[in-house]
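Asker: pasting the structure only:
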């Protein structure tokens, strides 16, 4: 009996990868909604820690939020929160893509401006250091301000003093056990190597960049931290109705039409990815088991695998497709095993 081919598995892998790309985009859409963006900022940006959620939302230009591919040239720092494909492009250097990038203006009288980047990292162990990548991002967020926020021209007295503080906040999913349920912030700190001056006063603004990694859990109801607890619920496989209820009652997040729409889309895509991945795993396992049985001349091996799939409530259509049998043959196997 013919088993599944490598070509079939490759096609399944490509379909899953396409769904995962859609899921990544959908997660970013959800994180870019105003209620979630404001909640993220209040828990990570120290300058707004004492502000109300309403004031934080007011500090972000609602109308400037765009969900599109927008190119951000070096030195261009705008007031828009831009999702996916925000780029700093320099000749002979590659292209940097920001998931979400926006500007906050704090109502402190001087209209303090802070540039914030939020990244959704679905794979927290991509094979390189996320911290180093975050440092690269904030470095580019600062260098992109040249010619817009500050200048390096001699006639400009302020010059580098006008550099605006930048944040790169990474929402890390699928975290290893030694990182789960934690938030780690990386900043510049002065380290006095020597001073012969007992009255040394370090009064310059050295803390211009911040990389914050938010490490989530593999499920909800594990964290005592507000942001992690909220994100665990938001990005979980929980039913969308329960997710709505818990976000509103436990975290006071208003379910706006935009957030509700994006959350439903994310949940639907996520469910499809999970189901497709499970089915592919079952199919590969079954095909391997059948191949082993056939190589040993054991037809019983195929029957046992089919019986196990029926016990796991796999559909008859799916089993027939994987096993290369008719539905009638699958039904007969199920009846003989008293499973149908």
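Answerer: Done, it's in. Worth saying up front: this structure is predicted, and the values here are computed from it rather than measured. Numbering: from 1, shown residues only.

Asker: Poorly predicted segments of this protein, please.
Answerer: Within the chain, the stretches with pLDDT under 70 are 1-21, 61-96, 108-111, 154, 156-157, 204-205, 269-302, 312-314, 322.

Asker: which residues in it form helices?
Answerer: Assigned by DSSP state H, the chain shows helices spanning 6-31, 34-44, 53-59, 130-143, 226-234, 240-251, 257-295, 300-311, 316-323, 327-336.

Asker: how near is residue 336 to residue 311?
Answerer: The gap separating residue 336 from residue 311 is 14 Å, by Cβ to Cβ, to the nearest Å. Heads up, the C-betas are built off the backbone N, CA and C, glycines and all.

Asker: residues bridging contact with the two, i.e. touching both?
Answerer: Contact criterion Cβ atoms under 8 Å, 6 or more residues apart in numbering; residues shared by residue 336 and residue 311: none found.

Asker: and residue 234, what does it touch?
Answerer: Taking Cβ under 8 Å, 6+ apart, one finds 30, 36, 243, 247, 263 in contact with residue 234.

Asker: With neighbour count and distance to residue 175 as added columns, please give these in TSV.
Answerer: Conversion of these to TSV gives the following (neighbours: other Cβ atoms under 10 Å; distance: Cβ to Cβ, whole Å):
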residue	neighbour count	distance to residue 175
30	21	19
36	23	19
243	21	20
247	22	21
263	22	22
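
Asker: Most widely separated two among those?
Answerer: Pairwise distances across the contacts of residue 234 (Cβ to Cβ) peak at 12.2 Å, for the pair 36 and 243.

Asker: Return the distance of residue 34 relative to residue 260.
Answerer: Counting by Cβ to Cβ, the gap from residue 34 to residue 260 is 13 Å.

Asker: higher neighbour count, the two?
Answerer: Using other Cβ atoms under 10 Å, the more surrounded residue of residue 34 and residue 260 is residue 34, with 17 against 14.

Asker: How about residue 209, nearest residue that isn't a chain neighbour?
Answerer: Spatially, and ignoring its direct neighbours in sequence, residue 209 is nearest to residue 138 (4.2 Å; Cβ to Cβ, 6 or more residues apart in numbering).

Asker: was I right about that neighbour contacting residue 188?
Answerer: No: using Cβ atoms under 8 Å, residue 138 is not in contact with residue 188, being 9.8 Å away.
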